[in-house]
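Colleague: turn this into a structure:
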Amino acid sequence: MRFSFQKLMSVGLLLGIIGCTTKQVEEKPAQDEPVSIILMIGDGMGVPQVSSAYYFGEGEPNFSRFKQIGFHKTSDKSHRITDSAAGATAFSIGQKTYKRAIGVSVDTIPQETILEHLQKQVYQTGLISLTTITHATPASFYAHVKDRDLHEDIAKQLTTAKVDFIAGGGRNYFRNRTDGKNLFEEFETQGYHLDTLQLSEPVLGQRNAYILADEGIPSKIEGRGEFLSEATSKVLHYFEGNDKPFFMMVEGSYIDWGGHAENAEMMISEVLDFDKTLGVVLDFIEEHPNTLLVVTADHETGGVSIGKYYDIDESTGQQTEVPDKVTVYFNDSQHSGELIPVFAQGKGAENFQGIYENNEIYHKIRSVLHSKTVENE
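Modeller: A predicted model of the protein is given here:
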């Protein structure tokens, strides 16, 4: 069979067009959907505190659902043993700073936080804490002050930080101030749905602020109830309803307080409550795989260990080990220098394996946010 010259040219031209089209498809990178970020901080939670969930809880802890686990080193620029301010600031700005610093570098210069960076990328943002919302850990994500105790200055900065969902305590720093101002009026001026009494349903399309105690929300043993898991569930539904990527930080604050008080019941109950909240978030990620969850702590508190349990004869003082029971021991009432576990799940979780400095968590999150994939044939 013969082909005319014109037919051969037509076939060649057609193949050339197809080849060019294929090349363009191969070279065009596929843009990933923006990754949502959930950072959960169990303040004061080291390996022993996590271990307590296995000895004192009912059923398998949600910690067991993680496969990607690492450790971070907590020391800051001024002290080998850090505090919550410098620890959380390392997560929020990607730099180690001095003890008591909030959102500033070692020379007290304000640095852009991960929350502020993502707001520029049109992310929704949220902060949940059991302490005052002006406390060191949540404050490190929106405020910039030289010392963590400047609560009134921190509260003022929150009113202009444009955080979409706020839940915690601290009414005194907004309305019982030394300058006589009522900062709740500023929230309302900016269109917030504000509730100072209960965790009401958030309003879609508006920012929501829940400042529900004069100081901190009560601890679990003081009758807090399910505030942490309920607030976390509400914010996730709120973000989902607004259909935008989001960044949120959830703090289990009183694990730390249990360590400071050397109160085993308090510490254990707070770890179990944190673990329950983990379940809420992990279930969400199963349905929303384009989400990264990072779970860690700023430091360990109490020098805790889980050890043998003894029955003590009151008349003789003799100790008898009970083989099937354990108890919690405290080394002291302060922070320790232990390596801190990092659990990760979801998009980019594999980046959090290994042992690294605490400020690397910020950079690992940024690397997941800015990663791109090329579509394969």
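
Colleague: pLDDT score for the spatially most central residue of the chain?
Modeller: Centroid check for the chain by C-alpha atoms, centre = their mean gives L39 as the closest residue, at 2.3 Å. On pLDDT, L39 comes in at 98.

Colleague: for F227, same thing?
Modeller: We have a pLDDT of 98 for F227.

Colleague: before we move on, what SS does the nearest residue to it once chain neighbours are set aside have?
Modeller: Nearest non-adjacent residue to F227, counting by C-beta to C-beta, 6 or more residues apart in numbering: I217, 5.8 Å away. C-beta here means a position set from N, CA and C on the backbone, and glycine is covered the same way. What DSSP: H, G, I helix; E, B strand; the rest coil gives for I217 is coil.

Colleague: circling back: am I right that the residue nearest to the centre of the chain sits in a strand?
Modeller: Yes - according to three-state DSSP, the state of L39 is that of a strand.

Colleague: helix/strand/coil for the nearest residue to it once chain neighbours are set aside?
Modeller: Once flanking residues are discounted, L39 sits nearest to M249: 4.7 Å by C-beta to C-beta, 6+ apart. Following three-state DSSP, M249 is assigned to strand.

Colleague: I'd say M249 and I133 touch.
Modeller: No - shown here, M249 and I133 do not form a contact pair, counting by C-beta atoms under 8 Å, at 11.0 Å.

Colleague: these two - which one has more neighbours?
Modeller: The residue with more neighbours, out of M249 and I133, is I133; 33 against 26, by other C-beta atoms under 10 Å.

Colleague: what sits against the more buried one?
Modeller: L127, A139, L158, I166, A167, G168, G169, G170, I211 (C-beta atoms under 8 Å, 6 or more residues apart in numbering).

Colleague: repeat that for 10 Å
Modeller: 127, 139, 142, 151, 154-155, 158, 163, 166-171, 173-174, 209-213, 216-217, 251 (C-beta atoms under 10 Å, 6 or more residues apart in numbering).

Colleague: leaving out sequence neighbours, find the closest residue to it.
Modeller: G168 (3.6 Å).

Colleague: and the one you found, which helix or strand is it part of?
Modeller: strand 165-169 (DSSP states H and E).

Colleague: mind listing the strands that strand pairs with, and their directions?
Modeller: Here strand 165-169 has these sheet partners by DSSP bridges: strand 124-132 (parallel), strand 208-211 (parallel).

Colleague: got the buried residues for it?
Modeller: Residues of strand 165-169 classed as buried by neighbour count (16 or more other C-beta atoms under 10 Å): F165, I166, A167, G168, G169.

Colleague: any idea what the fourth one is bridged to?
Modeller: According to DSSP bridges, I211 are recorded as the beta-bridge partners of G168.

Colleague: now it: how far from S75?
Modeller: 28 Å (C-beta to C-beta, to the nearest Å).

Colleague: please apply the same query to the third one.
Modeller: Using C-beta to C-beta, we find A167 at a distance of 31 Å from S75.

Colleague: now A143, what's its secondary structure?
Modeller: Here A143 is recorded as coil under three-state DSSP.

Colleague: report the contact partners of it.
Modeller: With the criterion set at C-beta under 10 Å, 6+ apart, A143 makes contact with 89, 92, 102-104, 110, 113, 134, 136, 150-151, 153-158, 161.

Colleague: so of those residues, which ones are in strands?
Modeller: The subset of the contacts of A143 located in strands under the criterion DSSP state E is empty.
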